[in-house]
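Engineer: Below: sequence and its predicted model.
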Amino acid sequence: MIALFLRDLKLSVRAGGGALIGVLFFLTVVAVVPFGVGPDLKLLSRIGPAIVWIGALLAALLGLDRLFQAERDDGSLDLLLMQETPLVLTVLVKCAAHWTATGLPLVIASPLVGLFMNTSGTGLGVTALTLLVGTPAITFIGAVGAAVAVALPRGGLLVSILVLPLAIPVLIFGVSATYAAVEGPAPFLPPFLFLAALTLFFAVIGPAAAALALRNSTD
């Protein structure tokens, strides 16, 4: 499992530019917002956490279609299906490697990106914390979409269509927790715990559903 994690980590970093492309896209999405809403610093500060979360969500969708594509192209997907290690565990490890290579850089970059939105110091820290807890859920959801679309020649768009509606609750609770910590008067802990619960839920459901979809794709 450690060898698989390291292998997938290297593939995720190399394929399509890896983390750099995701961070640059994240930066671009957030940077264009001030040009659209104008130079109102109070407005930018108020909508900043939501824009950062939306940018991170869209950036996280970029490489999801490649989660199983390399194994499909070189034929090693059949070996993964036939190995003694449970396929669910294999998918879980691949998701962890993919998030480390693509999701974690977004979390690290979020304080810098939040400066474009005139976000306060507390807002920057809380936004990064909620992204750290919530973005793994996007990867687990994306694993299902990637497994469904792995046999399709152009499955990238399909993955985004499948993942985006399911990721909306993650976005809602992530933004709600950030606003509660920055502005109040709503408490921070309830939406944050809901966000953590969503990640744990999809950590169980996502790999199992993706493993089932991968087995059906080879039938």
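Structural biologist: Received, thanks. Residues are numbered from 1 along each chain as shown.
Engineer: And Leu198, how far from Val204?
Structural biologist: Going from Leu198 to Val204 by Cβ to Cβ, to the nearest Å gives 11 Å. Every residue, glycine included, has its C-beta placed from N, CA and C.
Engineer: Those two: which is more packed in?
Structural biologist: Leu198 (24 against 12; other Cβ atoms under 10 Å).
Engineer: In this structure that one contacts Pro169, no?
Structural biologist: Yes. Using Cβ atoms under 8 Å, Leu198 makes contact with Pro169 at a distance of 6.0 Å.
Engineer: Okay, and Ala197 sits in which element?
Structural biologist: In this assignment (DSSP states H and E), Ala197 forms part of helix 189-217.
Engineer: Which strands or helices does that helix pack on?
Structural biologist: helix 76-82, helix 87-98, helix 121-149, helix 156-182 (3 or more Cβ pairs under 8 Å, 6 or more residues apart in numbering; DSSP states H and E).
Engineer: So what angle separates the directions of the longest one and helix 87-98?
Structural biologist: When you say that, I think you mean helix 121-149. In terms of direction (axes from the mean of the first three to the mean of the last three Cα atoms, to 10 degrees), helix 121-149 departs from helix 87-98 by 140 degrees.
Engineer: Buried residues of helix 121-149, list them for me.
Structural biologist: Neighbour counts over helix 121-149 (16 or more other Cβ atoms under 10 Å) mark 123-149 as buried.
Engineer: remind me which residues of the protein are low pLDDT?
Structural biologist: Applying pLDDT under 70 to the chain flags the ranges 1, 8, 11-19, 73-76, 78, 151-156, 217-219.
Engineer: check contacts around Val88.
Structural biologist: By Cβ atoms under 8 Å, 6 or more residues apart in numbering, the contact set of Val88 is Pro207, Ala208, Ala211.
Engineer: what's the answer for Gln83, then?
Structural biologist: Thr90.
Engineer: how far away is the closest residue to Leu214 other than its chain neighbours from Gln69?
Structural biologist: Computed as Cβ to Cβ, 6 or more residues apart in numbering, the closest residue to Leu214 that is not its neighbour in sequence is Ala147, at 4.8 Å. Going from Ala147 to Gln69 by Cβ to Cβ gives 11 Å.
Engineer: got it, and Ala128?
Structural biologist: Distance of Ala128 to Gln69, given as Cβ to Cβ: 30 Å.
Engineer: again, but for Phe26
Structural biologist: Relative to Gln69, Phe26 is positioned 22 Å away (Cβ to Cβ).
Engineer: Which one of those two is surrounded by more residues?
Structural biologist: Legend: neighbour count by other Cβ under 10 Å for Phe26 and Gln69, higher for Phe26 (24 against 19).
Engineer: Test my guess that that one contacts Leu62.
Structural biologist: No. Using Cβ under 8 Å, Phe26 and Leu62 do not qualify as a contacting pair, with a distance of 9.3 Å.
Engineer: Are any of the contacts of Val88 buried, and if so which?
Structural biologist: Buried subset of those (neighbour count, 16+ other Cβ under 10 Å): Pro207, Ala208, Ala211.
Engineer: Name the surrounding residues that touch the helix or strand where Val23 lies.
Structural biologist: Using DSSP H and E, Val23 falls within helix 18-37. Outside helix 18-37, the residues that touch it by Cβ under 8 Å, 6+ apart are 12-13, 43-44, 47, 51-52, 54-56, 58-60, 62-63, 101-102, 104-106, 109-110, 113-114, 116-117.
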